[in-house]
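Trainee: curious how this folds, go ahead:
(2 chains)
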Number of protein chains: 2
Amino acid sequence: MTSQPVVTPAGSQPVDQGFSVELGHERPLRLDCGVELDRFTMAYQTYGALNADKSNAILICHALTGDQYVASAHPTTGKAGWWERIVGPGKPLDTDRYFLICVNVLGGCMGSSGPKEINPETGKPWGLTFPVITIADMVRAQARVLDYLSIEQLFAVIGGSMGGMQVLQWAHAYPERVFAAVPIAAAARHSAQNIAFHEVGRQAITADPNWQGGNYLEVGTVPRAGLAVARMAAHITYLSEPALRRKFGRKLQDRNRVTYGFDADFQVESYLRHQGITFVERFDANSYLYITRAMDYFDLAAEHDDTLSLAFEKTPVRFCVISFTSDWLFPTWESRDIVRALNAEAANVSFVEIESDKGHDAFLLEEPEFDRTLTGFLNGAARRRGLPA
Amino acid sequence: MTSQPVVTPAGSQPVDQGFSVELGHERPLRLDCGVELDRFTMAYQTYGALNADKSNAILICHALTGDQYVASAHPTTGKAGWWERIVGPGKPLDTDRYFLICVNVLGGCMGSSGPKEINPETGKPWGLTFPVITIADMVRAQARVLDYLSIEQLFAVIGGSMGGMQVLQWAHAYPERVFAAVPIAAAARHSAQNIAFHEVGRQAITADPNWQGGNYLEVGTVPRAGLAVARMAAHITYLSEPALRRKFGRKLQDRNRVTYGFDADFQVESYLRHQGITFVERFDANSYLYITRAMDYFDLAAEHDDTLSLAFEKTPVRFCVISFTSDWLFPTWESRDIVRALNAEAANVSFVEIESDKGHDAFLLEEPEFDRTLTGFLNGAARRRGLPA
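Mentor: Residues are numbered from 1 along each chain as shown, chains lettered A, B, ... in the order given. Here you go, the predicted model:
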């Protein structure tokens, strides 16, 4: 599908089929770390058309290694958008009905300001001089894009995994700008185990001599091996043991017997190596460091005396919290914690745990019950919001 | 405690407080890969005294990164033996009653033949020219050590994790030589997810330029960074999410607030880095490749038409299968598969799933119910075997 943005704000620059806008001049973006960005770029894609009263906008928040190419071909890999399955005419995120926006996160590597981009002050890539960002910073930057598009209130904010963290942060920081929120396979704080997995990935990247202390862009190297190892380790956590068993088991790769060597004898090894190799083509190693760090730092309860409900005090937002039974990266109990906190605030919240053996990645895969849940919740919210059917 | 071996076979060479014996001269060891070793060394430790009719010997099989220093100080790190908690006078593996043997596995790096040792043919380290070995090969080599010690039948074979795989292989390959078998936190076949984690570790090692295509010993480098990353990733799988939450949660390391940087802000990061760094001091990177590969290849059912029970046909061995509730690396259902197969052969088997939040490593840690289970089973078996109390 092609991107047909209806709003084409003056001064915006097309990137592929999307937009890129430079912000911060008049109002610098103050980050959690204290740094102020007075020139930052946000790249985004839109799908569908914004209605006259700007009440049908849905912000899709992408995950750690996701991007704004939700439903259009990825400019590097040429592959279909990562949520094309549910974004499009007649689909749960119906482009005939809603105006969908997805912004590459601050710190990302698909056009928004991040370590891969040029620091306008120095004319050189930011690299590790880019300030360390948080989920709250990502959301602040997205809010600036919405300001720019003159969208006061989002009909909905939706996202899975780190996208779900952003959804929670949106509801927390801008409750009046969010009509409905759908955090999927997410958590209100990053767990010790997840921090540990992220640290393994970061160590793999920084151990690669081609990382060059973070200056690889200037030196002209690419820390491929380290980034691939980081991806491989992370990828296992996105799946589930039953899914791996069903899909690969102990099946051999193009051979009848093991070779008594270190080649990829098993299909699962071959698959994993492929995941590592292809990821390196489309992702920036430093960006991986920054975004994992932002997730590590996420803890919505921390600023509220460890009481999560206080982060949603008297929230007017309608929530639909979704988890998956076999997700061990963001297990259901973490969604339940969110629901309990919302209940403590008498918030409008529904909670659905979807039976699936596909692990964390289930939100990206074929799961009819997930689609039905999303469609049902959005239909109800749309009626309440007065959007035409 | 000190090692006081009672059998001191002629020709054996003491290594630290243990022994080392060269075997294969008269009867080469034929490996699964087809290679024959006519000179191979096995290093082992013994504890307690062998009785007159040699009926009180227990073989302890160590795990992936374990070694023969079960209950004596590690020669490199100086740390206490890895199972000192349950091996000793009056302990579950009672050195006043049993004669305990632990052999460094073939392919290991604590004195037994493996990639780190010198190939007697060339006078150079084996490196990647060492033949790829299997769990069955490890067990064959251990059997040769027992031949050498003139121990016909073991009272028991006991081991956790990869040690448990060896226990199963012992019962399968030498049923007449095993009176009782205790596979702990193990599986009869390595799962797809576990192969995947191993592959990540191997990729991390081989991605380290200091690995030098496997020739680092000759070149004089050490692939520290790669091996540390491999260990870090693996270490997460030895624990459990609840244990990590209980032990570390999101606690910060010697600071009051996050630093907005990539230092180890969180205790769990600091802990994990420490695990990586200390592991490198005591383990050989190539050995890690070989031993993980042996585990990947382990599939007791495969040679029997995928019917595990056939691997234990009419077995005379008494089994005690033990698993831990929070072990997600070798989850309980894999122990149940073993028990079901043994039941199908009407074998003498008891099965205990121990309630623990400590994950896979629970078998190495304080778990009173585990100790009681082990003691109870061994006492019963000892009575049956006619060993004095």
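
Trainee: got the domain boundaries for chain A?
Mentor: Domain assignment for chain A by automatic domain parsing gives A:13-193+A:301-385, A:197-294.

Trainee: where are the low-confidence patches of the stretch 1-150 of chain A?
Mentor: Across the stretch 1-150 of chain A, the ranges flagged by pLDDT under 70 are A:1-17.

Trainee: kindly report the residues of it close to chain B.
Mentor: Counting by C-beta under 8 Å from any C-beta of the partner chain, the stretch 1-150 of chain A comes close to chain B at A:32, A:33, A:34, A:128, A:131, A:132. C-beta: built from backbone N, CA, C; applies to glycine.

Trainee: for those, which one is nearest residue B:324?
Mentor: For the residues of the stretch 1-150 of chain A next to chain B, the residue nearest residue B:324 by C-beta to C-beta is residue A:132; the value is 38.1 Å.

Trainee: residue B:265 is in contact with the closest one, correct?
Mentor: No - Residue A:132 lies out of contact with residue B:265 (C-beta atoms under 8 Å); the separation is 10.2 Å.

Trainee: so what's residue A:129 closest to, chain neighbours aside?
Mentor: Among residues not flanking residue A:129 along the chain, residue A:119 sits closest, at 6.6 Å (C-beta to C-beta, 6 or more residues apart in numbering or on different chains).

Trainee: who does the one you found form a beta bridge with?
Mentor: Applying DSSP bridges to residue A:119 gives these bridge partners: residue A:124.

Trainee: contacts only, for it.
Mentor: A:125, A:126, A:129, A:130 (C-beta atoms under 8 Å, 6 or more residues apart in numbering or on different chains).

Trainee: now, these that are in helices?
Mentor: Among those, none falls in helices (DSSP state H).

Trainee: now render those as a markdown table, adding neighbour count.
Mentor: Formatted as a markdown table, the contacts of residue A:119 follow (neighbours: other C-beta atoms under 10 Å in any protein chain shown):
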| residue | neighbour count |
| --- | --- |
| A:125 | 21 |
| A:126 | 22 |
| A:129 | 13 |
| A:130 | 23 |
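
Trainee: so where do the helices sit in the stretch 151-300 of chain A?
Mentor: In the stretch 151-300 of chain A, the helices defined using DSSP state H, counting those that start in this stretch lie at A:162-173, A:192-207, A:216-219, A:224-238, A:241-247, A:267-282, A:285-297.

Trainee: export those helices to JSON lines and append columns for mean pLDDT.
Mentor: As requested, the helices of the stretch 151-300 of chain A are arranged in JSON lines below (pLDDT from 0 to 100):
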{"stretch": "helix A:162-173", "mean pLDDT": "98"}
{"stretch": "helix A:192-207", "mean pLDDT": "98"}
{"stretch": "helix A:216-219", "mean pLDDT": "97"}
{"stretch": "helix A:224-238", "mean pLDDT": "98"}
{"stretch": "helix A:241-247", "mean pLDDT": "96"}
{"stretch": "helix A:267-282", "mean pLDDT": "97"}
{"stretch": "helix A:285-297", "mean pLDDT": "98"}
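
Trainee: closest one to residue A:384 among the ones you listed?
Mentor: Among the helices of the stretch 151-300 of chain A, helix A:162-173 comes nearest to residue A:384, with 16.3 Å by C-beta to C-beta.

Trainee: in a markdown table, list the domains of chain A along with distance to residue B:56.
Mentor: Below are the domains of chain A laid out as a markdown table (distance: least, C-beta to C-beta, whole Å):
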| stretch | distance to residue B:56 |
| --- | --- |
| domain A:13-193+A:301-385 | 42 |
| domain A:197-294 | 37 |
